[in-house]
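Visitor: Could you look at this predicted model? Sequence included:
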Amino acid sequence: DGGITQSPKYLFRKEGQNVTLSCEQNLNHDAMYWYRQDPGQGLRLIYYSQIVNDFQKGDIAEGYSVSREKKESFPLTVTSAQKNPTAFYLCATKKEGPYNEQFFGPGTRLTVL
Amino acid sequence: SQKIEQNSEALNIQEGKTATLTCNYTNYSPAYLQWYRQDPGRGPVFLLLIRENEKEKRKERLKVTFDTTLKQSLFHITASQPADSATYLCALPQTGANNLFFGTGTRLTVIP
């Protein structure tokens, strides 16, 4: 897990509520990512940020929002517009250099009841 | 569009044998390929990277090959141990973006 923390480990929310997942890093990496992982599927990219105050949509951004006000932090909000939010969410950072080696946090398992 | 296939969802092998996992890709010519290990309920951990001009890369009991003609990478674990049991993911750089595209993974179980 290195220098990336995600909290909480497990999160339960009622349908229709927005929820924010925390991701903090002390690796001093510029780039940060949010992925979603469902059983039998690979990691799917939700949003990514190459630098503070800038972020781009990934492959499945609908129903999610992010902010990048500080280098260390990249919180993800799962909104009520996300139709199937129950999943395992992973935050990652990228080591500087051409080869995109990524470091992952421990993940947050979100269950919407 | 890019596509990655990892040979099987699950692979069981006997302790001490060599495990071989396959990653195939299509519609793509990546400059490199990466392998990650993921334990249940945890984030993936980077293991190895192999560049397009490298045929083979080794790290301790791990060996990765990269055949750009076959569009395939093989991941070998020699003298496998129960502690090697995990899901192994291959990842490629996404076309036109500074991101990775991950396969669905192969769950390896090493039986004592």
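Guide: Here it is on my side, so go on. All of these numbers come straight from a predicted model, not from anything done at the bench.
Visitor: show me what contacts the closest residue to chain A within chain B?
Guide: Nearest to chain A, among the residues of chain B, is B:G43, at 3.1 Å (C-beta to the nearest C-beta). Glycine gets a C-beta too; all of them are placed from N, C-alpha and C. Contact analysis of B:G43 by C-beta atoms under 8 Å, 6 or more residues apart in numbering or on different chains lists A:1, A:4, A:90, A:92, A:104-107.
Visitor: now swap in A:L90 and tell me
Guide: When contacts are counted by C-beta under 8 Å, 6+ apart, A:L90 touches A:6, A:34-37, A:43, A:104-105, A:107, B:43-44.
Visitor: So which of these belong to strands?
Guide: Here DSSP state E is the test, and the contacts of A:L90 give A:6, A:34-37, A:104 as lying in strands.
Visitor: Counting neighbours, which of those comes out on top?
Guide: A:Y35 (29 neighbours; other C-beta atoms under 10 Å in any protein chain shown).
Visitor: Now do the contacts for A:I60.
Guide: Contacts of A:I60 (C-beta under 8 Å, 6+ apart): A:36, A:44-46.
Visitor: Spell out which parts of chain B neighbour chain A.
Guide: Residues of chain B lying near chain A by C-beta under 8 Å from any C-beta of the partner chain: B:4, B:9, B:32, B:34, B:41-46, B:49, B:51, B:89, B:91, B:93, B:98-105.
Visitor: Go ahead and confirm B:L33 touches B:S73.
Guide: Yes. Using C-beta atoms under 8 Å as the test, B:L33 is close enough to B:S73 to be in contact (5.0 Å).
Visitor: Give me the common contacts of these two.
Guide: Shared contacts of B:L33 and B:S73 (C-beta under 8 Å, 6+ apart): B:23, B:50, B:64, B:66, B:90.
Visitor: For those, which ChimeraX command selects only the ones that are buried?
Guide: Isolation of the buried members of the shared contacts of B:L33 and B:S73 (16 or more other C-beta atoms under 10 Å in any protein chain shown) is achieved in ChimeraX through the command below:
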select /B:23,50,64,66,90
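Visitor: that older thread, now the residue of chain B closest to chain A. Nearest residue, chain neighbours left out?
Guide: Distances taken as C-beta to C-beta, 6 or more residues apart in numbering or on different chains place A:F104 nearest to B:G43, at 3.1 Å, with adjacent residues excluded.
Visitor: Is that neighbour bridged to anything, and to what?
Guide: Taking DSSP bridges as the rule, A:F104 bridges to A:A92.
Visitor: can you tell me which residues contact it?
Guide: With contact taken as C-beta under 8 Å, 6+ apart, A:F104 is in contact with A:1, A:4, A:90-92, B:43-45.
Visitor: and with 6 Å instead?
Guide: By C-beta atoms under 6 Å, 6 or more residues apart in numbering or on different chains, the residues touching A:F104 are A:90, A:92, B:43-44.
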